[in-house]
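Q: quick one, what's the 3D model for this:
(2 chains)
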Amino acid sequence: MLFFSILAPFIAACLVPFLFRYKRTIHTGWLVLPIPILLFLYFLLQIPNISGGNNIHLIINWIPSIGMNLSFYLDGLSLLFTLLITGIGTLVVLYSIYYLNKKEKLHNFYVFLMIFMGAMLGVVLSDNVFVLYLFWEFTSLSSFLLIGYWYHRERSRYGAFKSMIITVFGGLSMLGGLILLTIMTDTTSIREMIESKESVINSPYFTGTLLLILLGAFTKSAQFPFHIWLPDAMEAPTPVSAFLHSATMVKAGIYLSARLFLLFGGSDLFFILVTGFGLLTLCWGSYMAVRQTDLKAILAYSTISQLGMIMAMIGFGTEVAIFAAIFHIFNHATFKGSLFMIAGIVDHESGTRDIRKLGGLMTLMPISATLALFGTFSMAGVPLPFLNGFLSKEMFFKTATQISPTAPLVDQLFIIIPVLAVLGSIFTFVYSMYFFFQTFMGKSKETLEIKPHEAPIGMLVSPIVLVTFIVVIGLLPNLINEPILAPATAAVFGTVPEEHIAFWHGEINTPLLMSLAVVVLGTLLYLTRKKWSHVYRLLPGVLSANKAYDAVYEGHLRLSRKTTNMYMTGSLRHYVLYILLFLVASGGITLVVTDGFAFSTSDVAPISWPEIMVGIVMAIAAIATVFMQNRIAAILVLGVVGYGLSLLFVFFRAPDLALTQLIVETVTVALFLLCFYHLPKLDTKKQSTGTKTVNILISASVGILVTLVAIASHSSKRFETIAHYFIDESHHLGGGDNVVNVILVDMRGLDTMFEITVLGLAALGIYAMIRLRKEEEID
Amino acid sequence: MEILMSILAGILFATGVYLLLQRQLLKIIFGTALLSHGAHLFILTMGKLNRGAPPILVEGIEDYVDPLPQALILTSIVISFGVTSFLLVLAYRAYKTNQTDNMEHLRGNDHE
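A: Residues are numbered from 1 along each chain as shown, chains lettered A, B, ... in the order given. I've put the predicted structure just below:
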């Protein structure tokens, strides 16, 4: 059943193109919708099992010889993610039915979306690291396809490429890390790796492995400085942004860090890197979000910053921090998902996402505005008892002040971490207010092309459901504590936490003061934002990770084009030269390295003068063909070589060869004589000395190599001859006395058949080429 | 004898390769013909020369030369004949169409 749940979206993806023919009567989305609903219900039913400690484990042998098994494992952490994937997935599919017009290429959209859903389920359920990697890259691929969904737009293609290049780069380095882990622990199962944790920690490759895996996690979860792909990914249709680029896919990196927390969590490097990059991303993302003018860009930077916050909490590594991270993963999905949908509604109903053109939509779109109010205030962490964002934000502050005393540099960092946490949250507050007030409050602008109006109810259902979650969890946070959050924390940290989430702790403590400071300072900064907005000219100023990316990307393109043009000259001579150079180099080096050359005259046929004479004539004729200036002379001299060879065949007891060679040589010479008349005279122009030297050097070395190989292979008989078999069996098996004939038509009959085929094809080609001329002449 | 024939095969290869590196189509075709002659001689030499009677079974004779290289060469002769004739007609067509048989001029274009 677990296996089928991963398979189901893929099966649906295969079926969608066939269902698409009914698109005239019914929106394809309705046909797809049952899949995420059923899966959501299935995972919902697993909650009692998992919270009771009965994790589900399933192994299907795939390629057991190299440890590749389809091994799936459902524990608390996986369950949380599967619920998010299928739950948000259901809402997104429902929302997309109203968002995307029937005229769009819906079959593409839903195929990609289903592939993504299956792949994402695979990522969070796989216990085998290589299967996990496989699904991981599948999510990158489907993300690429979905960002480029409107592929006729240049920005879409740019964003798709960017996300692909950055996440696949990270994925590959992650693969490197996973391979190292497999070598260290001698298993491909994550759980068994965690059990043999000692061998990983004591390994000399520990640092490298950690860096490689974190690179994968950071690129996927858009951590600074790899965050640049996420704002460009906003070119995707809004349901996709809500689903992939805020609620699920970008959390895969967080999932990975959490999943391997038991393996790496104790190390200083993990703490420094994950906490450091997390906090940096939190501050940078929220700082940059205030500057954006596109609604979706604000949300993109906001997502970056929130991901940084979750990452930082995993870095803190205390039990409460992990619990808070899990809680925030859930909350972020609810408020960010709903805000993306609202942004989509505003875009859909007013025709723009440019915040400078928007304003005063409150009166026109009251329901959307109310939903946005809950979403933004929850995101900002406003201390109100019915907002889930505040609860996890306050837990974040609490954990930031209670870092384990064993952590490295804890004395120096003790002040910095809470300060950064507050700083990032202040900007979070500012952009949340900016998002809400600029869009829905104030005067309505006349610049809009269409008059905005409230969205259809179908579009509002999904954000309403998510906002309901915000409020319900805000009021009764412990509702999901026991069944979902506690098992998930247990899966990450190893022990079951006894954390009670509460709005009011009965005293005025540091986290509460931090929250209040955020609100006060945030309000001040929001109101005065026009006065300080010129700081963006100082930071980032001209510095831009995007420019760096573009420069590297363009540079690579230029460099590879240059390199390719350097050797792909279009000249046949150059290509032949490369091949021959490689032949001489590889052959020569092998001969030297393996000491393969041997020279022995102990087993040679006696020298006889007639053969020598023929050989000398052939050699002279062959050399003469090089120097001949006259076409007829060259052809005849070439004929001398061929006839000489057939004479040699006679001497060397090969009557069939001699006969065939004689006939073929005669026909060839005749053909040459027929054709040369139509071809231009031989070129008598002198080649440059350089070209000539190269040609002579190459041809001489090829000749010498062939001679050496021939002598060596003759002088060192490594294997017994198999000639006896053919001679003994020819009469008995083939019923013929001419052994060569029997080999050709009987023992190697298939060879001969293909030989005939080659001749036939050559004949057809020749016929076609001659016919072509005739028809041209007629025309 | 085998040593001498190896040297002859080397000479055939060297001249063949030299012609292959020329500009003119006709010379290139000469080159391929010489190369295949060289290859045939090479294969024949590998199976030892003159050890016994031609490989046609006659009662009372026990020693025959190795028939396998001969069978391989026979196939190869026929194929190289096909290749040579195809190349000749191709050269002829290329010259008619492009008005040149100089390979340095026949470089295709940038869009290929």
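
Q: only C-alpha atoms from now on, for both contacts and neighbour counts.
A: OK.

Q: find the nearest non-adjacent residue to A:Phe651, please.
A: Nearest-residue entry for A:Phe651: A:Glu611, 7.1 Å, with adjacent residues in sequence omitted and distances by C-alpha to C-alpha, 6 or more residues apart in numbering or on different chains.

Q: next structured bit after the strand or helix carrying that neighbour?
A: For A:Glu611, the element it lies in under DSSP states H and E is helix A:609-627. Using DSSP H and E, the next helix or strand after helix A:609-627 towards the C-terminus is helix A:631-651.

Q: which positions in that next one come out as buried?
A: Of all the residues in helix A:631-651, those buried under the rule 16 or more other C-alpha atoms under 10 Å in any protein chain shown are A:631, A:634-651.

Q: can the helix or strand just after that helix be found next to chain B?
A: Beyond helix A:631-651 on the C-terminal side, the first helix or strand identified by DSSP H and E is helix A:655-676. Yes - using C-alpha under 8 Å from any C-alpha of the partner chain, we find that helix A:655-676 touches chain B at A:Pro655, A:Asp656, A:Leu657, A:Thr660, A:Gln661, A:Val664, A:Thr668, A:Leu671, A:Phe672, A:Cys675, A:Phe676.

Q: give me the nearest residue to A:Ala723, chain neighbours excluded.
A: Nearest to A:Ala723 is B:Asp66, by C-alpha to C-alpha, 6+ apart, at 5.4 Å.

Q: got the angle for the longest helix along chain B vs helix A:631-651?
A: In chain B, with assignment by DSSP state H, the single longest helix is helix B:67-98. Using axes from the mean of the first three to the mean of the last three C-alpha atoms, to 10 degrees, the direction of helix B:67-98 lies 170 degrees away from that of helix A:631-651.

Q: helices or strands up against helix B:67-98?
A: Judged by 3 or more C-alpha pairs under 8 Å, 6 or more residues apart in numbering or on different chains; DSSP states H and E, the packing partners of helix B:67-98 are helix A:655-676, helix A:723-729, helix A:739-742, helix A:749-778, helix B:25-46.

Q: what lies in contact with the first one?
A: What that stands for is helix A:655-676. If you take C-alpha atoms under 8 Å, 6 or more residues apart in numbering or on different chains as the criterion, helix A:655-676 is touched by A:631-632, A:635-636, A:639, A:642-643, A:645-650, A:740, B:26, B:54, B:70, B:73-74, B:77-78, B:81, B:84-85, B:88-89, B:92.

Q: most centrally placed residue in the chain?
A: Because you didn't say which chain, this covers chain A. Nearest to the geometric centre of chain A sits A:Val168, at 3.4 Å (C-alpha atoms, centre = their mean).

Q: switch to chain B, please.
A: In chain B, the residue lying closest to the centroid (C-alpha atoms, centre = their mean) is B:Ser36, at 0.9 Å.

Q: ok, that residue touching B:Phe81?
A: No - if you go by C-alpha atoms under 8 Å, B:Ser36 and B:Phe81 don't touch, sitting 9.5 Å apart.

Q: how many residues are close by A:Ser189?
A: For A:Ser189, the neighbour count with other C-alpha atoms under 10 Å in any protein chain shown is 22.

Q: over to the one 4 residues further on?
A: A:Met193 has 22 neighbours, counted by other C-alpha under 10 Å.

Q: contacts only, for it.
A: A:Leu181, A:Thr182, A:Thr185, A:Thr187, A:Leu263.

Q: would you list the phi and psi of the closest residue to A:Phe112 other than its chain neighbours?
A: Excluding the flanking residues, the one nearest A:Phe112 by C-alpha to C-alpha, 6+ apart is A:Ser142, at 5.6 Å. For A:Ser142, the backbone dihedrals (degrees, to the nearest 10) come out as phi -70, psi -30.
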